[in-house]
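Peer 1: next comes the sequence, and after it the predicted model I'd like to discuss.
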Amino acid sequence: MAVSETRPPVRETRPPADANRPPVRVSAPRRALRLLRRHLVTIAGLGTLGYLILPNIVVLVFSFNKPNGRFNYQWQRFSTDAWSDPCGVADLCGSLGLSLQIAVWATLGATALGTMIAFALARYRFRARSSVNTLIFLPMAMPEVVMAASLATLFLNMGIQFGFWTILIAHIMFCLSFVVTAVKARVMSMDPRLEQAAQDLYASPVQTFLRVTLPIAAPGIAAGALLSFALSFDDFIITNFNAGSTVTFPMFVWGSAQRGTPVQINVIGTAMFLIAVLCVVVGQLAGKRRKRS
Amino acid sequence: MSTTEAPAPAPEEAAPLPVRRPPARKRLVPYWLLLPGILWLVVFFAAPLVYQASTSLQTGSLEDGFKVTWHFATYWDAFGTYWPQFVRSVLYAATATVLCLLLGYPLAYLIAFKAGRWRNLVMILVIAPFFTSFLIRTLAWKTILADGGAVVGLLNSLHVLDVTSWLGLTEGHRVLATPLAVVCGLTYNFLPFMVLPLYTSLERIDPRLHEAAGDLYARPATTFRRVTFPLSMPGVVAGTLLTFIPAAGDYINAELLGSTDQKMIGNVIQSQFLRVLDYPTAAALSFILMAAILAMVTVYIRKSGTEDLV
Amino acid sequence: MTQTATPQSGGGDVRLQGISKTYGSFTAVHPLDLTIPAASFFALLGASGCGKTTTLRMIAGLEDPTTGTVALGGQDVTALPPYKRHVNTVFQSYALFPHLDIFENVAFGLRRRGVKSVKKQVEEMLDLVQLGPMARRRPQQLSGGQQQRVAVARALINKPQVLLLDEPLGALDLKLRRQMQLELKRIQTEVGITFVHVTHDQEEAMTMADTVAVMNGGRVEQLGAPADLYENPATTFVANFLGTSNLIEAEVTGMGGEHLLLTAGGTTLRLPTRRCGAAPAARTGGKVLAGVRPEKMALIHADRADAVPEGHNRLPGRIKDASFIGVSTQYVIDAHALGELAVYEQNIERDGRLVPGAEVVLHWNPAHTFGLDAAQSPLAGTDLDEEAA
């Protein structure tokens, strides 16, 4: 095992067997094999990526389907009927609106409460600190079905009417921990001298918070809010237990899996996917432009 | 300094070196910040768990009402009747977690070290599916894995399904309504929860460490085993937890992609609670599930030595 | 309490009385009295953990003193929060606001005080620190030296009574640091504001400050003009922390006119009586530490020992090590029973025989000797040297 003196920079994907072999002529299939091995990680990663987005492609394709019967599982023929009439199914758009409404309120509630907790945890020393940390961690380490069933038991025994408010309460509850985690990480990584500098430069505590702390913590708060929105909008298990007869969008989809899936849910699924991608791309471009100027 | 604290400190001029303490108002700030959020969690998260503990010890019926009778037998009965679903949940969730790790690691590695200027695009593709309702995406697997579909046809012609049937993962020449379909759905649904923490911890690794390892005579495989993987452990631990916990309690994949033979414990709790209306059994089952998962998570975190994760 | 943060021209003095700070059982600063005259450039010098930054932060109001009072320009400000004190700070690693551009960073203090038209003032200030064209950049896009100047501009624009500088040059490379030292000194002379400068770099403190307070273990060891501290250190800590000192343990054997006669390792040395202020045992039979700075000593080859000027202190020794550093050569001399001594010789006329192994005679004018209390460790302050480098 002689080690050559001038070693090329190590590449992770290089097959180990090649490391010390002189570069002699190799046959074509072997070269292909070598190429495959060198890019094994990339190929495997792209494979996983394909697995991740395949269902979205299917949803997209089947939004142009015209199925025979109630279920949209088999390709029949191309049609744009569903795209031209996305609300053509009873209750579909109503449930979508309700889900959006709940998601907005849950996001606002969880972000406000969670940000406050995150600041307390990141910036102050107090006695109950470790119990608070545990209480924040537990909802994330708890299967949803357990939280769902126990909260529903409480509402049931209290005689509280299931509906919009119970869903909202439940959503704020399980989004809270995620906001705390996101904001806390950001505030912890912030240099405490920045706030001291603001105070030194005649900013009162309130001004310091508004002019320095909040703007710097903003990306963390935004991340927490975005996550809350996505979690709330897409939640099924906890909503299913606490909704009563109220139907959110995921519950509509769930019900349709039993009764028959209208093509319109594919239309809405695809539209949400495209809107999300568009938002991210626009955000990226805007960020880049700001950096350049 | 005119607060109503009981033993007022001596006047500053009199004492030679008066000791100052921050005013009480300042010391209470963290508690005021915590109050609303913590109250919310206590009332709507912790209290329901306690409430449920009492429910699990009740007997009675919906007509006559339920009473706490310290009926611990509910636990034994529930576990005795539904242990296959428990075992199945743990098994499916563990398999899905391992698959997520095996599939997710290369993808996270790709994003962290190899994607270059495509990094943002790949990240978008990992996150964006989140925005299509996961129920719709799970239903899409019904189409992908349909009996007459291309995937099943391919697997059949390669005799893969013969092997999986022999292993007990599939039955006959179909994939839907088999354990394979459920595990496939679970893996798919929780894969992003594996990829994102893995990516976060891989991204923090200084690429120069790879060069240093190579410089110190480590082959690429050794570099990965001795340097990259150990440094990504926080991501591995976080990812496996974020995958295993929700997968073990999930009932959507078993419901949509499986048959009655693939029911998991989540399905049982859901039907006991929402259909049979046997609240004590549902409560007991969720308590057993919660205890089992918390125990497993605690042991796992201890073993992997990343307690600072929390 | 009515007069808060109103801009005044010129500096104010800082008066600390019995000020101390304890964290639990740890005392960061022992009760301290210190008066910093208006318009002076004052340096707090010490190794990390000596309490100098805590003292500075108590002046700024960022730290509540456990005991004592802080007065600025004759007004007691102990109870005032930082935003009501007319002092400004240049923070270690600058603490520039990353979400604001350079202009807004500099304008921050003016805006908080309700100044309406800040544009002209900010532009003038940016011109003063030669950063006019950078106004719309973000701090992350600037080099270390530029960020440093923004930090100074951001503080100075408020025309504070006192400007506090917390290790302001620590993150800069050597050359830039030298340049900024002169620059800061120039600005201080120009604006006439009191500067209080915290540093662990003794050279920096001596270059810039009118008065230096050397701190150690939460106490001020010695206070004075840089040259005075260097020539007449009061403690072994100061002698070793400010530059290098050869400290020779010796016994007082008698008096000889204006000198004490000492015996060290069998050799008789002379020490001026008037330079024994810091050595209480400086009487016959007592022990003192005789100190000499390495550059005040001269080396001569043992063969030419008779060329040593009359009246000089002399010690025999052998060269152990010699390092050529350009302007001078630094020798380590094994002075037998007295241990190792350092000698810096200017590179003017070098004797080619002065190489490691050569027998030599060390000699110096007795007037350059200072006496210190032998009860202290002669090594105090030496182990901190690397940190100060």
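Peer 2: Nice, thanks for sending it over. Just so you know, these numbers come straight off a predicted model, no measurement behind them.
Peer 1: which phi and psi values does residue A:88 adopt?
Peer 2: Main-chain dihedrals, residue A:88, degrees, to the nearest 10: phi -70, psi -10.
Peer 1: how distant is stretch B:293-300 from the center of its chain?
Peer 2: Distance, stretch centre to chain centre, for stretch B:293-300: 12 Å (C-alpha atoms, centre = their mean, to the nearest Å).
Peer 1: run through who's touching it.
Peer 2: Stretch B:293-300 is contacted from outside by A:141, A:142, A:143, B:237, B:240, B:241, B:244, B:245, B:248, B:249, using C-beta atoms under 8 Å, 6 or more residues apart in numbering or on different chains. Yep, even glycine has a C-beta here, placed from its N, CA and C like the rest.
Peer 1: what residues are up against the third one?
Peer 2: Residue A:143 makes contact with B:245, B:246, B:248, B:249, B:250, B:266, B:286, B:289, B:290, B:293 under the criterion C-beta under 8 Å, 6+ apart.
Peer 1: 6 Å - rerun?
Peer 2: Residue A:143 makes contact with residue B:249, according to C-beta atoms under 6 Å, 6 or more residues apart in numbering or on different chains.
Peer 1: residue C:213 contacts residue C:223, doesn't it?
Peer 2: Yes - counting by C-beta atoms under 6 Å, residue C:213 does reach residue C:223; the two are 4.5 Å apart.
Peer 1: look at those two and report which has more neighbours.
Peer 2: A count of neighbours by other C-beta atoms under 10 Å in any protein chain shown puts residue C:213 above the other of residue C:213 and residue C:223, at 23 against 17.
Peer 1: the more buried one and chain B, how far apart?
Peer 2: Noted for residue C:213: a distance of 21 Å to chain B, by C-beta to the nearest C-beta, to the nearest Å.
Peer 1: just checking: what are the partner strands of the host helix or strand of that residue?
Peer 2: Under the criterion of DSSP states H and E, residue C:213 resides in strand C:211-216. Next to strand C:211-216 in the sheet, as set by DSSP bridges, lie strand C:41-45 (parallel), strand C:219-224 (antiparallel).
Peer 1: mean confidence for the first one?
Peer 2: In this model, strand C:41-45 has a mean pLDDT of 94.
Peer 1: do stretch A:271-284 as well
Peer 2: The average pLDDT within stretch A:271-284 is 85.
Peer 1: roughly how far out does stretch A:43-50 sit from the chain middle?
Peer 2: 20 Å.
Peer 1: return that stretch as CSV; C-alpha atoms alone will do.
Peer 2: Written as CSV, here are the backbone C-alpha positions of stretch A:43-50 (Å, rounded to 0.1, in the frame of the first residue of the first chain):
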residue,chain,number,x,y,z
ILE,A,43,-28.2,8.3,-8.3
ALA,A,44,-29.6,7.0,-5.0
GLY,A,45,-30.5,10.5,-3.9
LEU,A,46,-32.2,11.3,-7.2
GLY,A,47,-34.1,8.0,-6.9
THR,A,48,-35.4,9.1,-3.5
LEU,A,49,-36.3,12.4,-4.9
GLY,A,50,-38.3,10.6,-7.6
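Peer 1: what residues does the stretch 151-300 of chain B put near chain A?
Peer 2: Applying C-beta under 6 Å from any C-beta of the partner chain, we find that the stretch 151-300 of chain B lies next to chain A at B:214, B:219-221, B:249, B:256, B:266, B:269, B:273, B:282, B:286, B:289-290, B:297.
Peer 1: closest to chain C out of those residues?
Peer 2: For these, the residue nearest chain C by C-beta to the nearest C-beta is residue B:214; the value is 30.7 Å.
Peer 1: distance of residue C:296 from chain A?
Peer 2: Look at residue C:296 and chain A: by C-beta to the nearest C-beta, they are 42 Å apart.
Peer 1: to clarify, my last question referred to residue C:42.
Peer 2: For residue C:42, the distance to chain A - C-beta to the nearest C-beta - is 18 Å.
Peer 1: give me the buried stretch members for the lengthiest helix in chain C, please.
Peer 2: The helix that spans the most residues within chain C, counting by DSSP state H, is helix C:174-191. Buried residues in helix C:174-191, counting neighbours by 16 or more other C-beta atoms under 10 Å in any protein chain shown, are found at C:176, C:177, C:180, C:181, C:183, C:184, C:185, C:187, C:188, C:191.
Peer 1: so it versus strand C:41-45, what angle?
Peer 2: 140 degrees (axes from the mean of the first three to the mean of the last three C-alpha atoms, to 10 degrees).
Peer 1: returning to what we had before: distance to residue A:129 for the strands paired with strand C:211-216 - can I get that in CSV?
Peer 2: Output for the strands paired with strand C:211-216, formatted as CSV (distance: least, C-beta to C-beta, whole Å):
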stretch, distance to residue A:129
strand C:41-45, 35
strand C:219-224, 35
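Peer 1: ranking those by burial, who's on top?
Peer 2: Among these, the stretch with the highest mean neighbour count (mean count of other C-beta atoms under 10 Å in any protein chain shown) is strand C:41-45, at a mean of 26.
Peer 1: same for chain B: which of the buried residues of helix C:174-191 are within range?
Peer 2: When C-beta under 6 Å from any C-beta is applied, no member of the buried residues of helix C:174-191 is adjacent to chain B.
Peer 1: looking at those residues, which is nearest chain B?
Peer 2: residue C:176 (26.1 Å).
Peer 1: can you tell me how far the closest one is from residue C:95?
Peer 2: Separation of residue C:176 from residue C:95 (C-beta to C-beta, to the nearest Å) stands at 19 Å.
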